[in-house]
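1. Here is the input, now give the coordinates:
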Amino acid sequence: MTTVVVGYVPKPEGEAALDAAIGEARLRGARILVVTSHHDDIEAQGWEDAIAKAKLRLDESGISYDVRHLVRNFEPAADLISIADAAKAELIVIGLRKRSPVGKLILGANAQQVLLDATCPVLTVKAATA
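-> Now for the predicted structure:
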């Protein structure tokens, strides 16, 4: 079975990425590998509820999944890429946040690293705006 890897954060861009990953997994007959990455325990505090909600959405989707909640001193992009490589992922899905006109000149460092260094296709999604 193929794998779709999704970088998840409990923010609108993370929710959009999870939605897109569910859709892509359905299209591809793939499983989903959800990745969260933190530098330390302090940064990871409070994520249990968000991960539980993401798992509930995945349970409701009926798609096979696994969640990797990583707490180590790696950049999130490096974790996402290494896990995607190890899983021989068919696709990585990441969310992008809205940026100011000046901010649009510079893509987020993690998103840029994933786009440049991933060995498989990368789907970027934006959260819906109100």
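2. going forward, measure contacts between C-alpha atoms and count neighbours the same way
-> OK.
3. Tell me the spacing between Arg57 and Val34.
-> Distance, Arg57 to Val34, using C-alpha to C-alpha, to the nearest Å: 12 Å.
4. Those two - which one has more neighbours?
-> Set Arg57 next to Val34 and count neighbours by other C-alpha atoms under 10 Å: Val34 wins out with 26 against 15.
5. which residues touch that one?
-> Val34 makes contact with 5-8, 65-68 under the criterion C-alpha atoms under 8 Å, 6 or more residues apart in numbering.
6. Can you tell me the element it falls in?
-> Assigned by DSSP states H and E, Val34 belongs to strand 31-38.
7. Could you pull up the mean pLDDT of the helix or strand that contains Arg57?
-> Per DSSP H and E: Arg57 is located in helix 48-61. For helix 48-61, mean pLDDT is 92.
8. Against which helices or strands is the following helix or strand past it packed?
-> Sequence-wise, the next helix or strand downstream of helix 48-61 (DSSP H and E) is strand 65-71. Counting contacts by 3 or more C-alpha pairs under 8 Å, 6 or more residues apart in numbering; DSSP states H and E, strand 65-71 packs against strand 31-38.
9. ok now do Ala78, which residues does it touch?
-> Counting by C-alpha under 8 Å, 6+ apart, Ala78 has contacts 113-114.
10. Contact partners for Met1?
-> Contacts for Met1 were tallied using C-alpha under 8 Å, 6+ apart; they are 29-31.
11. quick revisit: and the angle for the strand holding Val34 with helix 48-61?
-> Put simply, strand 31-38 runs at 170 degrees to helix 48-61, going by axes from the mean of the first three to the mean of the last three C-alpha atoms, to 10 degrees.
12. Dump strand 31-38 to PDB, keeping only the CA atoms.
-> Provided in PDB are the C-alpha atoms of strand 31-38 (Å, rounded to 0.1, in the frame of the first residue of the first chain):
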ATOM      1  CA  ARG A  31      -2.600   5.100   3.900                       C
ATOM      2  CA  ILE A  32      -1.800   8.300   5.800                       C
ATOM      3  CA  LEU A  33       1.200   9.000   7.900                       C
ATOM      4  CA  VAL A  34       0.700  12.100  10.100                       C
ATOM      5  CA  VAL A  35       3.900  13.800  11.300                       C
ATOM      6  CA  THR A  36       4.200  16.400  14.100                       C
ATOM      7  CA  SER A  37       7.600  17.600  15.000                       C
ATOM      8  CA  HIS A  38       8.900  19.600  18.000                       C
END
